[in-house]
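Visitor: Return atomic coordinates for the entry below.
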Amino acid sequence: MLLILQASSSELMNNVIQAAYYLLYKDLIRLYAVYNEAMINLI
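Guide: Numbering: from 1, shown residues only. Now for the predicted structure:
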């Protein structure tokens with residue numbers, strides 16, 4: 001395994017990690033929108 005993480009639930013709920021997940025989610029939504037637009041243009 002490349003990464004072994006043993007963290008408690010309180011450590012996973014800190015503001016830095018929440019902000020990182022929020023930014024990752026925003027990037028994934030944008031990536032999906034671009035991919036979806038490209039698929040529509042191919043059809």
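Visitor: can you count the residues close to residue 35?
Guide: By other CB atoms under 10 Å, 10 other residues sit near residue 35. The C-beta positions use only the backbone N, C-alpha and C, and glycine is treated the same way.
Visitor: Angles on the backbone of it, please.
Guide: Main-chain torsions, residue 35, degrees, to the nearest 10: phi -60, psi -40.
Visitor: how close does it get to residue 29?
Guide: 11 Å (CB to CB, to the nearest Å).
Visitor: shaky segments in the protein?
Guide: For the chain, applying pLDDT under 70 flags the ranges 1-3, 5.
Visitor: swap the cut-off to 80 and go again
Guide: 1-13 (pLDDT under 80).
Visitor: Using the three-state scheme, assign the residue sitting nearest the centre point of the chain.
Guide: For the chain, the residue nearest the mean C-alpha position is residue 24 (3.2 Å; CA atoms, centre = their mean). Following DSSP: H, G, I helix; E, B strand; the rest coil, residue 24 is assigned to helix.
Visitor: mind checking how far it is from residue 17?
Guide: Residue 24 is 10 Å from residue 17, by CB to CB.
Visitor: same deal with residue 37?
Guide: Taken as CB to CB, the span from residue 37 to residue 17 is 31 Å.
Visitor: Let me see the ranges of the helices in the chain.
Guide: 9-12, 15-42 (DSSP state H).
Visitor: mind listing what's buried in the longest one?
Guide: Under the neighbour-count criterion of 16 or more other CB atoms under 10 Å, helix 15-42 has nothing buried.
Visitor: how close does residue 17 sit to residue 29?
Guide: From residue 17 to residue 29 the distance is 19 Å (CB to CB).
Visitor: same deal with residue 7?
Guide: Residue 7 is 26 Å from residue 29, by CB to CB.
Visitor: And for residue 36?
Guide: Counting by CB to CB - residue 36 and residue 29 are separated by 10 Å.
Visitor: ok, now how distant is residue 28 from residue 7?
Guide: Taking CB to CB, one finds residue 28 at 22 Å from residue 7.
Visitor: Also residue 16?
Guide: Relative to residue 7, and taking CB to CB, residue 16 is found at 13 Å.
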